[in-house]
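>>> attaching a predicted model along with its sequence, questions to come.
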Amino acid sequence: MNLMDKYQIVIGLEVHAQLQTNSKLFCGDSIAFGAEPNTHVSPVTLAHPGTLPKTNKKAVEYAVRLGIACNCEIVRYNYFARKNYFYPDLPKGYQISQHTTPICKGGYVTIQSTEGEKQIILNRIHMEEDAGKSIHDADDFYTCIDLNRAGTPLVEIVTEPCIHSSEDAFQYITELRKLVQWLGVCDGNMEEGSLRCDANVSVRLKRETTLGTKVEVKNLNSIRNVKKAIDYEAERIIGLLEKGEPVIQQTRSFNADNDTTFSMRDKEDANDYRYFADPDLAPFNLTEEYIQNIKEALPALPAELKHTFTTELGLSEYDAANICEDKSSADYFHSVAAINKHYKAIANWMLGPIKQYLNEHQIGYADFTLLPKTFSSLVNLVQEGKVNFSVASQKLLPELMKHNQDPATLAESLNLLQVSNVNELEKWVDEVIANMPDKVAEYKKGKKGLIGLFVGEVKKVSKGQADPKMVTELLQKKLS
Amino acid sequence: MFSYTSIKEYHSFLGTNPDGCMQAVKHYIAAIEANKHLNAFLEVFADEALQRAAELDKQRTEGQTMGRLHGVVVSLKDVICYKGHKVTAASKILDNFESVYSATAVERLLAEGAIIIGRNNCDEFAMGSSSENSAFGTVKNARDTSRVPGGSSGGSAVAVQADLTMISLGSDTGGSVRQPADFCGIIGMKPSYGRISRYGLIAYASSFDQIGIFGKNLADVAIALEVMSGEDNFDSTASSKPVAHYEEHSHKLITGKKIAYFKQVLDHPGIDPEIKAATENYIQTLKDKGFIVEAINFDWLDYIVPTYYILTTAEATSNLSRFDGVRYGFRSTEGIDDLNEMYKQSRSKGFGKEVQRRILLGNFVLSSGYFDAYFTKAQQVRKLLSDNTATIFEQYDAIISPTVPAPAFKLGEKSDDSVAMYLADIYTVYANLVGLPSISVPLFTHSNGMPFGLQLMTNHYEEELMFALSNSFLAK
């Protein structure tokens, strides 16, 4: 019997997402990544005597926005608690966090798994402040502390232990990452630590209803590593179970160098955090009106847009899914589709030459300078047969990116317009017929397939300017 | 020779004395120097105060508008931050620490022309009732130097008592302004919780702390309150309620108000018989003046001190976690090779005994297994008291009591008995538990020569009534 048929893996994920606010959760310091160490540190961040926190309203709004998008219940009466522990990167000696009153309860995120659509059930989303960074490798002897990150607003998105494969975990984080970026609440950058994931993994026999002993794996800095760590842990725990050895409740760390995990601490070392409501922050109530306003301002979500694009604009599932891969791409499509009805052609352009251009320049739609109106004219040039698609994508597009002027005028000045003047075309057709007497003879004997070859030759001598449709007609007439 | 009675008279004196601020500052610097034995000041900002006095004199004589506290000499309890100046909370753990910003209250005083003359000694981190817990020596009562001035704002109280400043700021978490005012025979007032921003006040217990004011006359205290009160972007617990014209009310004479007192307060076994008698006589005086004064039941007197100490120590233990030797203040380095050892040594050597006692107590009541029995229970009591207070103020305008059950005690008398020391707060902690404004007014003298006062509380944000009643009580 296969071990995977004997056991069930149970996974719960905790994702920390840094909110893309201008300032920290409880003071005005910037949260920009990559600044010189300890430069975004006001007396509040440094926990100087007498300083007090003041809640960033934008962070609350972002948390609610995410909660609504994840179908959560938004909690009306909220307060922050203090989680007390000592560590050098925690300036106040406590972290301000929502312990007993998460701002969002329940909810789910829909993923596409191999077995079709699935809902990953959330337990909660709560707000808290980030700690600073302890840097262990900057100095041979000392640990260095950078407090720029201390106080950055975070939401922690916690799933129920309802995920049963590393593949579903992978899909969930991919989907969640896309969602936070889509909503503009987090940049989703896992390398810079804007999005961080801890995985709780346990294994039980298939018929078992109670959960097995869990391990928590930390430091998963890419979606692929989340999958690898879960695979490694599942195998390790099954190995222990098979040998009849005990599974110890532990916090483990993932080592990306060899795709394994190692123990950081056992459950017995757990802290007593002595949580209590932070008396420096008044509790806050969210009104129905406040939540409704956020709901109304919410952008259309990817699933919703994809549905519109396929049913109303006639895109294929594949094209729609790709266009909706990120919000800036969907927004761009949307703005072009608003002024141009060649939806399928727009999608082809975006998923073909434009995607290629963006990849080559390593930019996204946010930095793509071609105006939707100009792009629409470009699409029309091809649709109307004035410029051939490959010429338009290979020659006209790069020039447009440099000059950003009217595509038709530019095509004309670059001599890229297709020639549909019969006299002009006849010259090229006659030239090709004269140059290829053998092939012409074969054609006349009945090898009609050669017509493509002649058209290609005309394209060559005309440097792509000849309208292929008219050329075909002319050739057929002259060779009959 | 310079002498001071009130801001109002001082300002008219300045009208005829072009160097009036300078005269005042020189007078106080000399007085502080002559009274060093009282240990009321930890530091005097002499040069700076003289310079500011000169600037203010110049501005005034040039015809510039005078701020409401123009030239008023103020001293600060050493738990209030003043940019570029040391602030130590009378603790070794902050020895030589300099604040990089000013408390909102200080900013507002300065904006109205005040002169900050120095830092007042106090109990370490405002924890104490006698000002004997300072890392920088005991403060003495100027009326009788063998006695304590009360605490924790003892230095600020003595500074006003001994004419070392015009007004001073203290902080009141459980009576730390009213109790020393009572012991020193001056006015001490703490406003409603949230009336003055706490930004820049080193926290003892966040949901109890308020900056309070010491003065020799009511109008001075009212003016200072007006200047410092109001909304603050740096403190979300500061109230946005409009600030009233308190000074106007401090001159009013009123009568006919309904005043309650707690029967159990005067029947308490710990009350000094003279204080009990004086208070009872005064109740009759008030009735004669036309007030309606009635005894009401208060069944929770024995619970308020334990409740207060459970909740304040819980908050304090967390508030004081930032003093860890990592970023600023005292760090023990000798023989330290491990992070936990650094924390332990720095905090064990940096904090005094009373502070350590309260940190331990606070950790105990918050720890898992005891949390519900202590912290949750105490919160329930606090809620009960708040609800009951609302009921009382449906029927009464004010509550009176003695400020403290006994007059100023001898130095060292209660140092070894924490519980006896804590019980000195029995009449004052109530106002902090429920957030009421409260004032101690000096009305009586004990046969041992020491002064004592009457405490008055009004409903939340009814400081106007508190001032008007106080003025009516003080009027002969």
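Yep, it's here.

>>> so where do the helices sit in the stretch 251-400 of chain A?
Listed from the start of the chain, the stretch 251-400 of chain A has helices (DSSP state H, counting those that start in this stretch) covering A:288-297, A:302-311, A:317-323, A:327-337, A:343-349, A:355-361, A:372-383, A:389-391, A:397-403.

>>> nearest to A:Glu117, out of these?
helix A:302-311 (9.4 Å; Cβ to Cβ). Using the backbone N, CA and C atoms, a C-beta is placed for each residue, glycine as well.

>>> where does the residue of chain A found nearest chain B fall, phi/psi-wise?
Distance from chain B to each residue of chain A (Cβ to the nearest Cβ) is smallest for A:Gly93, at 2.4 Å. Main-chain dihedrals, A:Gly93, degrees, to the nearest 10: phi 80, psi 10.

>>> quick revisit: can you list the helices of the stretch 251-400 of chain A in CSV and add distance to B:Phe371, mean neighbour count and mean pLDDT?
Shown next, in CSV, are the helices of the stretch 251-400 of chain A (distance: least, Cβ to Cβ, whole Å; neighbours: other Cβ atoms under 10 Å in any protein chain shown; pLDDT from 0 to 100):
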stretch, distance to B:Phe371, mean neighbour count, mean pLDDT
helix A:288-297, 32, 12, 96
helix A:302-311, 44, 17, 90
helix A:317-323, 51, 18, 91
helix A:327-337, 45, 20, 92
helix A:343-349, 59, 19, 94
helix A:355-361, 55, 12, 92
helix A:372-383, 59, 20, 91
helix A:389-391, 71, 16, 84
helix A:397-403, 64, 15, 87
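
>>> can you add distance to B:Tyr303 and give the ones you listed back as JSON lines?
Converted to JSON lines, the helices of the stretch 251-400 of chain A look like this (distance: least, Cβ to Cβ, whole Å):
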{"stretch": "helix A:288-297", "distance to B:Tyr303": "39"}
{"stretch": "helix A:302-311", "distance to B:Tyr303": "57"}
{"stretch": "helix A:317-323", "distance to B:Tyr303": "65"}
{"stretch": "helix A:327-337", "distance to B:Tyr303": "58"}
{"stretch": "helix A:343-349", "distance to B:Tyr303": "73"}
{"stretch": "helix A:355-361", "distance to B:Tyr303": "70"}
{"stretch": "helix A:372-383", "distance to B:Tyr303": "71"}
{"stretch": "helix A:389-391", "distance to B:Tyr303": "85"}
{"stretch": "helix A:397-403", "distance to B:Tyr303": "77"}
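
>>> okay, those in CSV with distance to chain B next?
CSV is the format used below for these (distance: least, Cβ to the nearest Cβ, whole Å):
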stretch, distance to chain B
helix A:288-297, 17
helix A:302-311, 37
helix A:317-323, 44
helix A:327-337, 33
helix A:343-349, 49
helix A:355-361, 43
helix A:372-383, 42
helix A:389-391, 59
helix A:397-403, 47
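
>>> residues near the residue of chain A closest to chain B, how many?
A total of 21 residues lie near A:Gly93 under the criterion other Cβ atoms under 10 Å in any protein chain shown.

>>> separation between the closest residue to it other than its chain neighbours and B:Asn363?
Leaving aside its chain neighbours, A:Gly93 sits nearest to B:Ser321 (2.4 Å; criterion: Cβ to Cβ, 6 or more residues apart in numbering or on different chains). According to Cβ to Cβ, to the nearest Å, B:Ser321 and B:Asn363 sit 10 Å apart.

>>> thinking again about what came up before, quick one, grab the pLDDT at the residue of chain A closest to chain B.
For A:Gly93, the model assigns a pLDDT of 97.

>>> count the residues that sit near whichever residue of the stretch 1-150 of chain B sits closest to chain A.
As assessed by Cβ to the nearest Cβ, chain A sits closest to B:Cys81 within the stretch 1-150 of chain B, at 4.7 Å. Neighbours of B:Cys81 under the rule other Cβ under 10 Å: 28.

>>> report the buried residues of stretch A:73-91.
Buried residues in stretch A:73-91, counted by 16 or more other Cβ atoms under 10 Å in any protein chain shown: A:74-75, A:78, A:80-84, A:87-91.

>>> quick revisit: right, and the residue of the stretch 1-150 of chain B closest to chain A touches A:Gly50 too?
Yes. B:Cys81 is within contact range of A:Gly50, at 4.7 Å (criterion: Cβ atoms under 8 Å).

>>> common neighbours of those two, please.
Here B:Cys81 and A:Gly50 have B:Val87, B:Ser99, B:Ala103, B:Gly200, B:Leu201, B:Ile202 as joint contacts, going by Cβ atoms under 8 Å, 6 or more residues apart in numbering or on different chains.

>>> please identify which pair of those residues lies farthest apart.
B:Ser99 and B:Leu201 (11.3 Å).

>>> of these two, give the one with the bigger neighbour count.
Each of B:Ser99 and B:Leu201 has its neighbours counted (other Cβ under 10 Å); B:Leu201 has more, 27 against 22.

>>> now stretch B:79-89: buried residues?
B:Val79, B:Ile80, B:Cys81, B:Tyr82, B:His85, B:Lys86, B:Val87, B:Thr88, B:Ala89.

>>> err, stretch A:410-427, not the other one
If you call a residue buried by 16+ other Cβ under 10 Å, then stretch A:410-427 has these buried ones: A:Leu410, A:Ala411, A:Leu416, A:Leu417, A:Gln418, A:Val419, A:Leu425.
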